[in-house]
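1. Predicted coordinates and the sequence they were generated for:
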Amino acid sequence: MRGLAAVVALCLGLAPVASIGQQAGATPSSVLTIDQERLFQTTLLGQRLQRELNEARSDLIAENARIQEDLEAEEASLTEQRAEMDPDAFRELADAFDEKVTAIRAEQEGKTRQLQRLQDRNQQIFNAAIGPVVKEVVEERGAAVILDSRAILLAISDIDVTDLVRMRVDRLLGDGGEIAVPPLPPEDDTEQTSEGDGSEAPTEEEGQ
């Protein structure tokens, strides 16, 4: 969850020495830890955002599979016609097919990049939504900084506030259905196709 530390740092001032958390018996510490990945995976809000992303990814994978099947069928039909066609006429059809494949590939790659933008936007929504909760916990504990627990080799369990933040986020926000969702940012011309999410568009070679 990139950006969470930045959100907290921007709004967090020095907490009072006699904090609420210390008065309640929590172990005082200037440093707290949080597992940002586990927080996203276990909160109702994070689970809803991830579920929506997974559904969008599955839809794109299924769409790519249908397109691949249609292109393969069209290619097979074109190949069958080749022996009975004038070479120039066949070349014209083959070139048109290549152009079609190129256009489809560009469109599907755009949809793959849109998935990445959706993932980035979901992360921003999550960080912004839980930022005030994290700030509140840090202030209550009288801490000066909060770190990602995955980057720490060894720490006492009392300084990890992941479960505390999760319970408060679930209680205050639920699945976040009422949170205003900003539109996806426009695509940057320099963006490249995302890799490794299983949603790659059919390639031109696959259509030939």
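-> Looks like it came in fine. All values reported here derive from a predicted model rather than from experimental measurement. Residues are numbered from 1 along each chain as shown.
2. Can you name the next helix or strand after the lowest-mean-pLDDT helix or strand in the chain?
-> Counting by mean pLDDT, DSSP states H and E, the chain has its least confident helix or strand at helix 20-23, which shows a mean of 39. Where DSSP states H and E defines the elements, the next helix or strand beyond helix 20-23 is strand 31-34.
3. On the C-terminal side of that next one, identify the next helix or strand.
-> Per DSSP H and E, the first helix or strand lying C-terminal to strand 31-34 is helix 36-42.
4. which other residues reach that next one?
-> If you take Cβ atoms under 8 Å, 6 or more residues apart in numbering as the criterion, helix 36-42 is touched by 1, 4, 46-47, 49-50, 126, 130, 148, 150, 162, 165-166, 169. (C-beta placed from N, C-alpha, C; glycine too.)
5. Dump those residues into TSV; add pLDDT and neighbour count as well.
-> Below are those laid out as TSV (pLDDT from 0 to 100; neighbours: other Cβ atoms under 10 Å):
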residue	pLDDT	neighbour count
1	49	18
4	53	21
46	95	27
47	96	15
49	94	24
50	95	15
126	94	26
130	94	28
148	83	15
150	75	11
162	92	17
165	95	23
166	96	23
169	95	23
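6. do you know how far the spatially most central residue of the chain is from residue 126?
-> Within the chain, one residue has its C-alpha closest to the average C-alpha position: by Cα atoms, centre = their mean, that is residue 119, at 2.3 Å. From residue 119 over to residue 126 the distance is 11 Å, taken as Cβ to Cβ, to the nearest Å.
7. Residue 58 now?
-> Taking Cβ to Cβ as the criterion, residue 58 is separated from residue 126 by 21 Å.
8. Please apply the same query to residue 167.
-> Remark: distance between residue 167 and residue 126 (Cβ to Cβ) = 16 Å.
9. try residue 186
-> Shown here: residue 186 relative to residue 126, a distance of 22 Å by Cβ to Cβ.
10. One more: residue 56?
-> Using Cβ to Cβ, we find residue 56 at a distance of 16 Å from residue 126.
11. all strands in this protein, in order from the N-terminus.
-> 31-34, 145-148 (DSSP state E).
12. residues making contact with the first one?
-> The contact list for strand 31-34 (Cβ under 8 Å, 6+ apart) reads 4, 134, 137-138, 141, 143-149, 152, 155, 159-162, 165.
13. From these, keep the buried residues only.
-> Restricting the contacts of strand 31-34 to buried positions leaves 4, 134, 137-138, 141, 143, 146-147, 149, 159-162, 165, with burial counted as 16 or more other Cβ atoms under 10 Å.
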